[in-house]
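Colleague: sharing a sequence plus its predicted fold:
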Amino acid sequence: MRRLLLLVCCICLLAGTAVAEAVPCDRDGDGTLTSSEVATAILDSLDARFMGGTVEAPPSDDLRDAAFVYEHWDGRALTITDSSGRTTTLARPLRRLAVFNSDTLEVMRSIGVESDRVVGVSKYTLEDPTFFPEYQGTANLGSIWAPDYEQAAAVRPDAIFLYATLSESFCDEIETTLMSIDPGIRFFRFDSYRPAVYADEVRKLGLLLGNEEGAERFLAFHRNVTGTVAERLSRVPADDRMPVYLENWNDYKSAGKGSGYDEKIELAGGRNIFADIMVEYPVVDPEAVISRNPDVIVKIVGAGELAFGGYGDDDPSSFETVRCSIGSRPVWDRIGAVRDDRVYVIHTDVIGGPEYFIGVAYMAKWFYPDLFPDLDPRAIHRQYLDEFQRLDYDLDEHGTFVYPA
Amino acid sequence: MKLPAVTPNRALLLCILVFVLAASAAAGSVERTVVQLPEGAGSGLEVTLTVNDIPVGGIVETIPDGCTWAGCDHPDNRTRVSNRTVAFAVVGEETVRYRLQGSPGAGDELNGTWEDLLTGESGVIGSDGPSRSGQAAQTTVPSTPGFEYAAALAALAAAYRWRCSR
């Protein structure tokens, strides 16, 4: 009896999946929605609603979904591979989005995804009303480390967005649990902060969510910044690259080979003095920093015990304190960067997430001021906020992102 | 300075204006241009609907009494005519042109609505933008909240025009 019940359940699930995967209004069922099929569906709908027609009209959701598939996916189901390597096929648009990854939420805003499509956000999004004002009041999904499963299921999402490489096991668990509650939920994993896959992720999100034009517009802006920096840095031979020590908000915690920060130092034309360490975020010996003698030190703040600055903090005094404390470390006055007053403090908002390219522009200018006299990272930041984040935020009046400014 | 009195007519006009201006912040719209055809072509009118930022959508026009349908340039499989109502499916077109037989003044009595199936917006033809967002193509047959709203506005505008022309 139980086996029979299981079999019935399986058949129902499979049948449901099959129905869900058919392109709506595809009359001949060939998997491609033609303009003629779309037009017929529209006319049938108008006929039934306004002309007293007796033809069978498509349900309104089918009609709208068909319009989306026709316009954005060339009338065919979309097959897309996310940054975790998983391939998903969709025959309908994703209308209700639950976004655990606030970096991906920021990218969604960059490409013009309407905020009313987002039905759930992480607690970090809700804790940042200055940067995410439109999401205050949206359902709180918790975090990837402490998810609120009940809430996540209650918002009935079509898709849930998680990180691809950050805390993978936690994200796996969220998927397993929520899939057991609602097998119809789709899961997508994007990081939205790694330079190597950033453009690819932006483009995929644009296609997935029907914001291709917005994605291309944003990528043109992004390319303009990164391309300008790369082009000028091409004149600096590899051996002449600036030796850089980068430290995050934990003292002596640096960046090793293959880490995001290592990549960002390289993009800014620096040479990471700990690039030979195979651990992503190694804790280094202060003596090792002295002996490797960097020309520039970059200290990241905005998390851990240095959780200040960013969009919600206008006071740069803490940045100054941090900078002074680095120069005061025992024997660090022997380091070239300290001696030459080339210690810089940067907030994680503009180097750790989707705004990393703004931080790269700052670093490139710090590393090679003569090469970038006209590069204005603050202007890039302002344009990003005005044009792509559509935030009413005066960068001249508010926020603390770098020191010295 | 003495402020002009707000008569009911002015209030009505103001309401319509405020609504249209508020709606115009969003994207789609359809404009109508009516041209009287030359004498030799009979007492005909040519109506051009200019579709702005509606890649996939629908248009419904109501032909006034005294006019008859005389054909269109829109593809046959994207046009449907029934009594006094004409429906057009818009799939990438930026203009829809059709002809009517009727008196020269009939063009003023045309009214119609549009809906954008990508944004869910709908509106009255001739206003600058959608009069209702996210409501197009609801399932309830035969009424459609977005369209009903747009149709009500169209009727209101027609009534006002009729009052003014008296």
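Modeller: Okay, I see it.

Colleague: how is chain A carved up into domains?
Modeller: Following automatic domain parsing, one gets these domains for chain A: A:24-76, A:79-210, A:238-403.

Colleague: what sits closest to B:Ser103 if chain neighbours are left out?
Modeller: Distances taken as C-beta to C-beta, 6 or more residues apart in numbering or on different chains place B:Gly66 nearest to B:Ser103, at 6.2 Å, with adjacent residues excluded. No exception for glycine: its C-beta is placed from N, CA and C like everyone else's.

Colleague: which of the helices or strands spans that neighbour?
Modeller: Using DSSP states H and E, B:Gly66 maps to neither a helix nor a strand.

Colleague: out of the domains of chain A, nearest to chain B?
Modeller: Closest approach to chain B among those (C-beta to the nearest C-beta): domain A:24-76, 3.6 Å.

Colleague: so is that closest one next to chain B?
Modeller: Yes: against chain B, domain A:24-76 shows contacts by C-beta under 8 Å from any C-beta of the partner chain at A:35-36, A:38-40, A:42-43, A:45-53, A:57, A:59-61, A:63-64, A:66-68, A:70-71.

Colleague: how long is stretch A:173-189 end to end?
Modeller: 13 Å (C-alpha to C-alpha, to the nearest Å).

Colleague: in it, what's buried?
Modeller: Neighbour-count burial for stretch A:173-189, counted by 16 or more other C-beta atoms under 10 Å in any protein chain shown, picks out A:174-175, A:178, A:185-189.

Colleague: what sits against the closest residue in space to B:Cys72 that isn't next to it in sequence?
Modeller: Once flanking residues are discounted, B:Cys72 sits nearest to B:Tyr98: 3.5 Å by C-beta to C-beta, 6+ apart. The neighbourhood of B:Tyr98, defined by C-beta atoms under 8 Å, 6 or more residues apart in numbering or on different chains, consists of B:46-47, B:49, B:61, B:69-74, B:79, B:86.

Colleague: need the three-state assignment for B:Tyr98.
Modeller: What DSSP: H, G, I helix; E, B strand; the rest coil gives for B:Tyr98 is strand.

Colleague: I'd like to know how far it sits from B:Arg32.
Modeller: 11 Å (C-beta to C-beta, to the nearest Å).

Colleague: number of nearby residues for A:Asp370?
Modeller: 5 (other C-beta atoms under 10 Å in any protein chain shown).

Colleague: give me the distance between A:Gly52 and B:Ser43.
Modeller: Distance from A:Gly52 to B:Ser43, counting by C-beta to C-beta: 29 Å.

Colleague: over to B:Gly28?
Modeller: Note on B:Gly28: its distance to B:Ser43, by C-beta to C-beta, is 33 Å.

Colleague: and the two? Which one has more around it.
Modeller: Shown here are B:Gly28 and B:Ser43; by other C-beta under 10 Å, B:Gly28 has more neighbours (21 against 14).

Colleague: shouldn't that one be in contact with B:Asn52?
Modeller: Yes: the pair B:Gly28 and B:Asn52 qualifies as a contact (C-beta atoms under 8 Å) at a distance of 6.4 Å.

Colleague: how about stretch A:97-114 as CSV, C-alpha atoms only?
Modeller: The C-alpha trace of stretch A:97-114 is given here as CSV (Å, rounded to 0.1, in the frame of the first residue of the first chain):
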residue,chain,number,x,y,z
LEU,A,97,12.7,35.7,-5.8
ALA,A,98,14.1,34.9,-2.4
VAL,A,99,17.6,36.2,-2.1
PHE,A,100,19.9,35.1,0.7
ASN,A,101,22.9,36.5,-1.0
SER,A,102,22.8,40.3,-0.6
ASP,A,103,25.7,40.7,-3.1
THR,A,104,23.5,39.1,-5.7
LEU,A,105,20.6,41.4,-4.6
GLU,A,106,22.9,44.4,-5.3
VAL,A,107,23.7,43.1,-8.7
MET,A,108,20.0,42.6,-9.4
ARG,A,109,19.5,46.3,-8.6
SER,A,110,22.5,47.2,-10.9
ILE,A,111,20.8,45.5,-13.8
GLY,A,112,17.3,46.9,-13.1
VAL,A,113,15.4,44.0,-11.5
GLU,A,114,12.2,45.4,-10.1
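
Colleague: tell me which residues in it are buried?
Modeller: So, applying 16+ other C-beta under 10 Å, buried residues of stretch A:97-114: A:97-113.

Colleague: could you do stretch A:59-76 as well?
Modeller: In stretch A:59-76, counting by 16+ other C-beta under 10 Å, buried: A:60, A:62-73, A:75-76.

Colleague: filter the residues you listed down to just the ones in strands.
Modeller: Counting by DSSP state E, no part of these is found in strands.

Colleague: out of the residues you listed, which are inside helices?
Modeller: Residues from these lying in helices, with DSSP state H as the criterion: A:60, A:62-72.

Colleague: which residue ranges of chain B form strands?
Modeller: Taking DSSP E as the test, the strands found in chain B are B:29-36, B:44-52, B:56-62, B:68-72, B:79-82, B:85-91, B:95-101, B:111-116, B:122-124.

Colleague: same deal with chain A?
Modeller: Under the criterion DSSP E, chain A contains strands at A:78-81, A:87-90, A:97-99, A:118-121, A:139-140, A:159-162, A:186-189, A:242-247, A:270-272, A:296-301, A:343-347, A:402-403.

Colleague: figure out which of those is closest to A:Pro377.
Modeller: Between A:Pro377 and those, the tightest spacing by C-beta to C-beta is seen for strand A:402-403, at 7.8 Å.

Colleague: tell me the spacing between A:Phe132 and A:Val118.
Modeller: As judged by C-beta to C-beta, A:Phe132 and A:Val118 stand 10 Å apart.

Colleague: which parts of the stretch 101-250 of chain A sit against chain B?
Modeller: Residues of the stretch 101-250 of chain A lying close to chain B by C-beta under 8 Å from any C-beta are A:Gly210.

Colleague: hey, where'd the helices end up in the stretch 101-250 of chain A?
Modeller: All helices of the stretch 101-250 of chain A, identified by DSSP state H, counting those that start in this stretch, fall at A:102-110, A:123-126, A:149-154, A:168-181, A:195-209, A:212-233.

Colleague: residues in contact with the longest one?
Modeller: Applying C-beta under 8 Å, 6+ apart, the external contacts of helix A:212-233 come out as A:72, A:110-113, A:198-199, A:202-203, A:205-207, A:267-269, A:357-358, A:360-361, A:364, A:368, A:371-372, A:375, A:380, A:383-384, A:387-388.

Colleague: how distant is that helix from the center of its chain?
Modeller: 16 Å (C-alpha atoms, centre = their mean, to the nearest Å).

Colleague: would you mark the buried spots in that helix?
Modeller: The neighbour-count check on helix A:212-233 (16+ other C-beta under 10 Å) flags A:212, A:214-215, A:217-219, A:221-222, A:225-226, A:228-229, A:233 as buried.

Colleague: give me the mean pLDDT for that helix.
Modeller: Mean pLDDT, helix A:212-233: 97.

Colleague: what's the angle from it to helix A:102-110?
Modeller: Relative orientation of helix A:212-233 versus helix A:102-110 (axes from the mean of the first three to the mean of the last three C-alpha atoms, to 10 degrees): 110 degrees.

Colleague: who's in contact with A:Arg129?
Modeller: To be clear, residue A:129 is Pro; Arg isn't right here. A:Gln136.

Colleague: look up phi and psi at it.
Modeller: phi -70, psi -20 (degrees, to the nearest 10).

Colleague: give me the buried entries from the contacts of helix A:212-233.
Modeller: Looks like the contacts of helix A:212-233 have A:72, A:110-113, A:198, A:202-203, A:205-206, A:267-269, A:357-358, A:360-361, A:364, A:368, A:372, A:375, A:380, A:383-384, A:388 buried, using 16+ other C-beta under 10 Å.
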